[in-house]
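Peer 1: Kindly return the folded structure for what I paste below:
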Amino acid sequence: MSKIRILPEQLANQIAAGEVVERPASVVKELIENSLDAGARHITIEVSGSGTSLIRVVDDGEGMDADDLLLCLERHGTSKIQGTSSLAAINSLGFRGEALPSIASVAKLRITSRLADQPTGATVNCEYGVIKTAHECGAPVGTTMEVAALFGNTPARRKFLRSSRTEQAHIDETVKLYALAYPEVAFTLRVGDRVAVEMAHDMNRTERLKRIIRQVDTFIAVDNNRSDIAVTGLLAPPEHTLGGAGKLRLFVNGRAVRDRLLTHAVYEGMATFVQKNQSLAGMLEVTLPADQVDVNVHPAKLEVRFRDSRTVHQRVVYAVKEAMLGHQQHLRADLFSSHHSSPVPADTGFGYPAQVPEYTGSTEMTAETGPSYQGSRAGLAQRRFDHDPLTGQHPPLAHDTPAAPLTVADLLIIGCFKDLYIMCRAGDSLIIIDQHAAQERLIFEKLKAQFEAGRVVCQTLLFPIQIELTPLQSQLVEANMATLANLGFSVREFGDTTWILAGVPALAKTIEPQSLFFDVLQRFGSDTEHHGTHLLDDMLASMACKAAIKKGDHLSGDEISALLHQMAKADLFSHCPHGRPVVKRIEESDIKKWFSRS
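Peer 2: Got it, this is the predicted structure:
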């Protein structure tokens with residue numbers, strides 16, 4: 001006798017429900033998607049008992065007639081696809097015809113709907129997969145779906161649910177996701193007598209995101225639409241450390257997804273602006289032709305597969321970097337502008353003149369400076385940064401090529417705290433600059449520009465060094481000779497595992513050559529797929545860190561002025577290449593609050 005049996009339809013639906021209906025939020029997701037596919041302009045969700053007692057979704061979409069009400073409860077009953085060709089280019093959120101039968105198999109489901117051209121509507125009642133009643137009724141245009149006693153016939157499933165608070169949080173997040181993805185649709189979520197989410201028609205995507213992430217009042221706009229792949233979004237500035245509140249929400253063609261490729265691309269685009277493991281917040285959407293993405297790879301359609309994942313990844317990285325560059329230019333204009341709200345007095349009493357000397361392109365500084373914040377100018381080191389950045393330990397703080405005059409007159413230098421933090425006044429704000437992080441970023445950008453232009457300048461060692469490598473290390477050197485040369489290393493084989501190190505990056509010449517070389521090899525060994533991205537940034541950031549001015553290095557007023565001028569000219573300066581912030585602005589209003597002043 002055959003051991004294989006065909007499962008009853010109701011049992012098959014319950015098994016399918018285990019994949020589709022993980023928790024109450026899964027039901028909310030599926031019902032919202034049905035409403036959106038029906039063209040709804042306003043969707044109201046009502047929840048009680050964290051979704052296990054009741055979930056009601058009301059929309060003003062096109063509705064269904066009595067026949068479709070019955071057919072939508074049949075497994076694989078769908079109006080979204082007609083054949084295999086439709087499956088290859090899906091534009092709707094739902095398409096399988098599994099969600100409603102799966103929900104109906106583990107809950108009590110009532111559907112009431114009416115078409116716009118019909119005088120009456122229809123309703124159907126289903127209990128745990130069995131249709132009880134179906135009849136005509138009065139109803140507004142659109143559809144109302146009520147899901148009660150979720151998992152009532154499968155108590156084991158209820159035991160796996162989290163606390164009521166956690167399940168409700170998942171429902172809230174689900175509604176917020178679709179409110180972001182569809183800003184033209186109004187969403188209302190009611191939990192008992194409380195309105196948990198309210199997104200009106202007149203709220204654009206930025207306003208909605210501000211309501212969701214209340215800690216951020218300004219977002220960086222991502223908008224790259226130069227081909228058939230459009231990348232748009234709103235990202236919280238990297239200076240906002242949100243901790244647990246930070247969350248990056250991703251969308252593909254209007255569908256909320258979890259995607260490692262996109263997450264990685266966003267982090268790579270912001271790599272030198274955020275610290276390691278820093279949470280990112282905001283949203284990003286990728287829009288591309290439907291036939292370029294497969295949405296039928298996950299039971300709950302939370303994951304997708306791109307036909308050309310490499311191109312999508314590159315486009316997202318580029319779009320995010322482009323947005324960050326625009327943000328940097330905005331910060332630069334805000335910090336180094338000449339129209340702050342309040343005039344700067346001639347002298348603050350700390351000794352620095354109010355007017356920072358205009359930079360004219362010369363490396364020789366002639367401005368007069370008064371006593372420093374810590375006493376007198378004599379207490380500051382008179383060391384000059386007047387040698388080439390690729391041939392000496394400390395690069396110049398002034399540009400070495402002629403440039404148009406630049407004024408930063410609104411920045412009044414107050415002094416330097418702990419030989420690390422430069423303090424300035426800009427209008428009604430106190431500006432604090434980390435001198436090491438600031439110059440580290442400037443050097444990093446110069447090194448990276450040289451690398452991208454060809455290669456980093458190499459400094460030939462007076463006495464080449466013979467080094468012994470393991471067989472694995474030798475293989476790494478052989479496989480990456482071109483990259484090593486572009487990074488400024490000159491190395492040649494001298495035996496099976498013996499090599500001659502003849503040159504190192506010029507800026508790093510004061511660093512122990514062998515140590516630097518082995519550090520590179522270690523990075524090659526730990527990153528075999530992204531040599532051109534993470535390895536490069538890590539290497540150049542390490543070199544810039546070692547070459548930049550350090551904590552404890554005294555800077556004269558001229559040197560501080562030169563650093564400010566370089567920052568004002570730089571495209572990127574707000575964060576060091578390791579993601580630490582360079583500049584902190586403290587408003588006078590915040591300082592007044594500290595001292596209880598109005």
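
Peer 1: When you work out contacts or count neighbours from here on, use the C-alpha atoms and nothing else.
Peer 2: Will do.

Peer 1: And the pLDDT for residue 34?
Peer 2: Note on residue 34: pLDDT of 93.

Peer 1: Am I right that it is in a strand?
Peer 2: No: read with DSSP: H, G, I helix; E, B strand; the rest coil, residue 34 is helix and lies in no strand.

Peer 1: and the spatially closest residue to residue 232 that is not a sequence neighbour, what is it in contact with?
Peer 2: Nearest non-adjacent residue to residue 232, counting by C-alpha to C-alpha, 6 or more residues apart in numbering: residue 223, 4.5 Å away. For residue 223, the contacting residues are 230-233, 319, 323, by C-alpha atoms under 8 Å, 6 or more residues apart in numbering.

Peer 1: For residue 223, give me the backbone phi and psi.
Peer 2: Dihedral pair for residue 223: phi -150, psi 90, per degrees, to the nearest 10.

Peer 1: Can you tell me how far it is from residue 268?
Peer 2: 17 Å (C-alpha to C-alpha, to the nearest Å).

Peer 1: quick one on the thing from earlier: so which of the contacts of residue 223 belong to helices?
Peer 2: Among the contacts of residue 223, DSSP state H puts 319, 323 in helices.

Peer 1: Now render the contacts of residue 223 as JSON lines, adding distance to residue 537, pLDDT and neighbour count.
Peer 2: Converted to JSON lines, these look like this (distance: C-alpha to C-alpha, whole Å; pLDDT from 0 to 100; neighbours: other C-alpha atoms under 10 Å):
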{"residue": "230", "distance to residue 537": "26", "pLDDT": "96", "neighbour count": "19"}
{"residue": "231", "distance to residue 537": "24", "pLDDT": "97", "neighbour count": "25"}
{"residue": "232", "distance to residue 537": "25", "pLDDT": "97", "neighbour count": "21"}
{"residue": "233", "distance to residue 537": "25", "pLDDT": "97", "neighbour count": "23"}
{"residue": "319", "distance to residue 537": "18", "pLDDT": "95", "neighbour count": "24"}
{"residue": "323", "distance to residue 537": "19", "pLDDT": "92", "neighbour count": "22"}
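
Peer 1: Mind picking the two most distant members of the contacts of residue 223?
Peer 2: Taking C-alpha to C-alpha, the two most distant members of the contacts of residue 223 are 230 and 323; they sit 13.6 Å apart.

Peer 1: what about residue 28, which SS state?
Peer 2: Going by three-state DSSP: residue 28 is helix.

Peer 1: That one contacts residue 171, doesn't it?
Peer 2: Yes: with contact defined as C-alpha atoms under 8 Å, residue 28 counts as touching residue 171 (6.9 Å).

Peer 1: Tell me the buried residues in the strand ranked longest in the chain?
Peer 2: When the chain is parsed with DSSP state E, its longest strand is strand 458-468. Judged by neighbour count using 16 or more other C-alpha atoms under 10 Å, the buried positions of strand 458-468 are 458-460.

Peer 1: what do you get for stretch 280-299?
Peer 2: Residues 280-288, 290-296, 299 are the ones in stretch 280-299 that count as buried (16+ other C-alpha under 10 Å).

Peer 1: For the stretch 1-150 of the chain, which segments count as helices?
Peer 2: Counting by DSSP state H, counting those that start in this stretch, the stretch 1-150 of the chain has these helices, from start to end: 9-20, 24-37, 66-71, 84-87, 99-105.

Peer 1: And the stretch 351-500 of the chain, by the same measure?
Peer 2: For the stretch 351-500 of the chain, the helices defined by DSSP H, counting those that start in this stretch occupy 435-453, 471-479, 481-486.

Peer 1: which residues are contacting the second one?
Peer 2: Counting contacts by C-alpha under 8 Å, 6+ apart, the residues outside helix 471-479 that touch it are 484, 497, 521, 524-525.

Peer 1: angle of that helix against strand 458-468?
Peer 2: Here helix 471-479 points in a direction 150 degrees away from that of strand 458-468 (axes from the mean of the first three to the mean of the last three C-alpha atoms, to 10 degrees).

Peer 1: mind saving the C-alpha coords of helix 471-479 as CSV?
Peer 2: Presented in CSV, the C-alpha positions along helix 471-479 are these (Å, rounded to 0.1, in the frame of the first residue of the first chain):
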residue,chain,number,x,y,z
PRO,A,471,53.6,30.3,1.7
LEU,A,472,50.1,31.8,2.1
GLN,A,473,51.5,35.3,2.5
SER,A,474,53.6,34.9,-0.6
GLN,A,475,50.5,33.9,-2.5
LEU,A,476,48.7,37.0,-1.3
VAL,A,477,51.6,39.2,-2.5
GLU,A,478,51.7,37.5,-5.9
ALA,A,479,47.9,37.8,-6.3
